[in-house]
Structure formats: structure tokens, C-alpha cells
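Colleague: Quick one: sequence plus predicted model below, questions after.
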Amino acid sequence: MISHMDNWYVVYCRPRQEERASQHLANQGFNTFLPRFCLMQDTKSSPSAKQKELLFPRYLFVQPKTIESGCWASVRSTRGVVDFVRFGGRIAVVPTSVLLAINAQQLVQTQQSFFQLGDVVQLTDGIYQGINAIYQSSVGDARSVLLIKLLQQDVAITVADSEFTKVTGS
């Protein structure tokens, strides 16, 4: 979880070793943060399965509980860690406020009800505002495919997720 203490540092991890690095750093007394987002995936077994993906693959945010001369070496020698991200030889620093904003956005996304294939939604913005549609699928980057009726035919349109809401009672 994000603490309001000083700044955080960015660690570059080995491929698919972010969880391992996070766990080992936490065992050493570091605060760690691995932001995630939910991705809807259509599979044969589950048409709209939710899968949590890393927001920044191969990157991990770390904050030492105390700044000691040996803490940087212990981070670099942790399983799964390659090294700190550096700019001009200096370790990259991330203000706590940035991570708090990322964490807040993560909580909002987690609390949203995800749409299922066939859900009735209403367009709330754009040229189709006020029209009901049928949810089809997510196409990533906060966009979805919806079916609307135009001239007595079902037409697939792609719209931003922020432009429609679920019709209650559907």
C-alpha cells in the first residue's frame, strides 16, 4: 500500500519477476507498489473473464522504511531485480503524490462494475447520446464495441467506455 512518507524509487525487474521482487523486498522491510488494471478477455470457457495485468510491466515502485547506506545494494541484489531506473546516473525518484493518484485510479477501476456480453447500456455522450445499445466486448484502451439499431439493422460501433453506462435492471 502507498504510505505518505517521502519519495519512491523505480526498480527495473527481470521479465515476469515483478511479483517475486515485490515479495522479497517486502520481506526485507521495504514498501512496494505494483499497480495493476483489470483487462476483460473473451475466451471460449468464459466470454468476459477479468484478468489483472501489470500497469507497468517489468517496473516496481519501492520505498525504503529508512534511508541507510546499504539499502540500495540490498535492493539491487534482490531476486527478480535488475537495477534502479536511472536518469543521467541518478536514481529515478517518483513523488508520493503520483503513486497516490495511480492508486486512486486503480481503486476506481476495481470498483466499477464490468460489462458482460449482452448487457443493455445507454450512450451518454457523442452523436448517439440517449440511444440504448448492447455491449459486445472491450477492445482495450478504455474502448468497447456496442451494437446499436440503425435503419432496422444491428450496427457495431466502437466508443469510449466513458460514453456509456449500464442500464439498471438489465
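Modeller: Great, that's in hand.
Colleague: in the protein, which helix or strand is least confident?
Modeller: strand 36-41 (a mean of 66; mean pLDDT, DSSP states H and E).
Colleague: State the distance from residue 127 to residue 157.
Modeller: For residue 127, the distance to residue 157 (Cβ to Cβ, to the nearest Å) stands at 10 Å. All C-beta spots, glycine's among them, are computed from the backbone N, C-alpha and C.
Colleague: Compare those two (neighbour count), which wins?
Modeller: residue 157 (17 against 8; other Cβ atoms under 10 Å).
Colleague: so who does that one touch?
Modeller: Residue 157 is in contact with 128, 133, 145, 146, 147, 148, counting by Cβ atoms under 8 Å, 6 or more residues apart in numbering.
Colleague: What subset of these is buried?
Modeller: 128, 133, 146, 148 (16 or more other Cβ atoms under 10 Å).
Colleague: does the second one count as helix, strand or coil?
Modeller: Pointing back at residue 133 there. Here residue 133 is recorded as strand under DSSP: H, G, I helix; E, B strand; the rest coil.
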